[in-house]
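Need the 3D shape of this:
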Amino acid sequence: MKKSINIWSFIGKTNKEAMKLAKDAGFEGVEVALDEVGEISLSSTAEDLQRIKKQAADAGIRLAEIVDVATVSCPL
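All right, here's what the predicted structure looks like:
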């Protein structure tokens, strides 16, 4: 079993900083957040997402999942 942690566990940190902290704490993956605004948002470009992917690779951690909070305020 692989251990992952949600990016929100690192309040006030960038995704890059949180990935390094998660790796240093022994986690193998992070769950990043898709939000209305932020580093991963509905307006993120392919280049933005590639940057996040590279940050994870550079930190030696995998992207375990994406939690979608962008649509929470827009229920059916």
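
Sticking with the residue nearest the centre of the chain, tell me its helix or strand.
Among the residues of the chain, residue 32 comes closest to the average C-alpha position under CA atoms, centre = their mean, at 2.3 Å. Take DSSP states H and E as the rule and residue 32 turns out to sit in strand 29-34.

just to revisit the earlier point, what about the residue lying closest to the residue nearest to the centre of the chain once chain neighbours are set aside, how many residues close to it?
On the basis of CB to CB, 6 or more residues apart in numbering, the spatially nearest residue to residue 32 that is not a chain neighbour turns out to be residue 7, at 5.1 Å. Placement of C-beta: from N, CA and C, glycine included. For residue 7, the neighbour count with other CB atoms under 10 Å is 22.

pLDDT score assigned to the residue nearest to the centre of the chain?
The pLDDT attached to residue 32 in the predicted structure is 94.

Could you pull out the strands in this protein for me?
Along the chain, counting by DSSP state E, strands occupy 4-6, 29-34, 62-68.

Output the below-cut-off pLDDT ranges for the chain.
Under the criterion pLDDT under 70, the flagged ranges of the chain are 73-76.

all helices for it, in order.
Secondary structure of the chain, counting by DSSP state H: helices at 15-24, 46-59.

So which of these is the most surrounded?
helix 15-24 (a mean of 19; mean count of other CB atoms under 10 Å).

Dump that one to CSV, restricted to CA.
In CSV, the C-alpha atoms belonging to helix 15-24 read as follows (Å, rounded to 0.1, in the frame of the first residue of the first chain):
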residue,chain,number,x,y,z
ASN,A,15,2.3,22.7,-4.3
LYS,A,16,6.1,22.5,-4.9
GLU,A,17,6.8,23.2,-1.2
ALA,A,18,4.1,20.8,-0.1
MET,A,19,5.4,18.0,-2.3
LYS,A,20,8.9,18.3,-0.8
LEU,A,21,7.5,18.3,2.7
ALA,A,22,5.3,15.3,2.0
LYS,A,23,8.3,13.4,0.5
ASP,A,24,10.5,14.3,3.5
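
and the angle for it with strand 29-34?
Between the axes of helix 15-24 and strand 29-34, defined by axes from the mean of the first three to the mean of the last three CA atoms, to 10 degrees, the angle is 160 degrees.
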